[in-house]
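**Student:** Please work out how this folds:
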Amino acid sequence: MRFWTIAAIAAAFFSSAAQAAKTDLELISSQAAHHFFVVSKPWILDSSYLEGVASKFCSGKRACVAHFWERGTPAAKALPMSDAQAKAEMATFQGNRMLWRCGKYKVATDKNCFSD
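**Tutor:** Next comes the predicted model:
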């Protein structure tokens with residue numbers, strides 16, 4: 001009996017953890033090789049997390065560009081992007097390389113950041 005109680009608690013925990021993860025990261029659209037994601041805080045500010053998501057998502061694809069926006073900001077669902085969508089974009093993964101919004105990430109340098 002105790003085993004089943006512990007198993008039920010573990011199943012409920014993992015189910016709720018999986019549900020939370022689904023709301024933290026969402027693929028909102030794709031257009032050819034471009035994939036558009038929204039990410040909740042604090043994950044949108046975690047460069048390692050974003051790079052890991054992009055790397056795993058694009059792994060094995062011949063061409064893949066992953067675009068990231070903070071949830072609640074104007075996120076693109078297709079190209080071309082509007083000016084507001086381009087200004088709100090936080091990070092992009094293309095050609096196995098991350099590009100970061102200048103000033104938002106510690107890993108952003110002159111060689112791997114973009115601005116307005």
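
**Student:** With adjacent residues omitted, what lies nearest to residue 113?
**Tutor:** Using CB to CB, 6 or more residues apart in numbering and skipping the chain neighbours, the partner closest in space to residue 113 is residue 102 (3.9 Å). To be clear about C-beta, it is placed using only N, CA and C from the backbone, and glycine gets the same treatment.

**Student:** Isn't the one you found up against residue 112?
**Tutor:** No: with contact defined as CB atoms under 8 Å, residue 102 does not count as touching residue 112 (9.4 Å).

**Student:** follow-up on the earlier one: could you report the neighbour count for the residue nearest to residue 113?
**Tutor:** The local packing of residue 102 (other CB atoms under 10 Å) involves 14 other residues.

**Student:** Ok, residue 26 next?
**Tutor:** Residues within reach of residue 26, counting by other CB under 10 Å, total 14.

**Student:** Please apply the same query to the one 10 residues further on.
**Tutor:** Neighbours of residue 36 under the rule other CB under 10 Å: 23.

**Student:** Please apply the same query to residue 37.
**Tutor:** Residues lying near residue 37 (other CB under 10 Å) number 24.

**Student:** looking at this protein, which helix or strand does the model trust least?
**Tutor:** helix 2-24 (a mean of 48; mean pLDDT, DSSP states H and E).

**Student:** what separates the residue nearest to residue 25 when sequence neighbours are not counted from residue 54, distance-wise?
**Tutor:** What sits nearest to residue 25 in space, not counting adjacent residues and going by CB to CB, 6+ apart, is residue 39, at 5.3 Å. According to CB to CB, to the nearest Å, residue 39 and residue 54 sit 11 Å apart.
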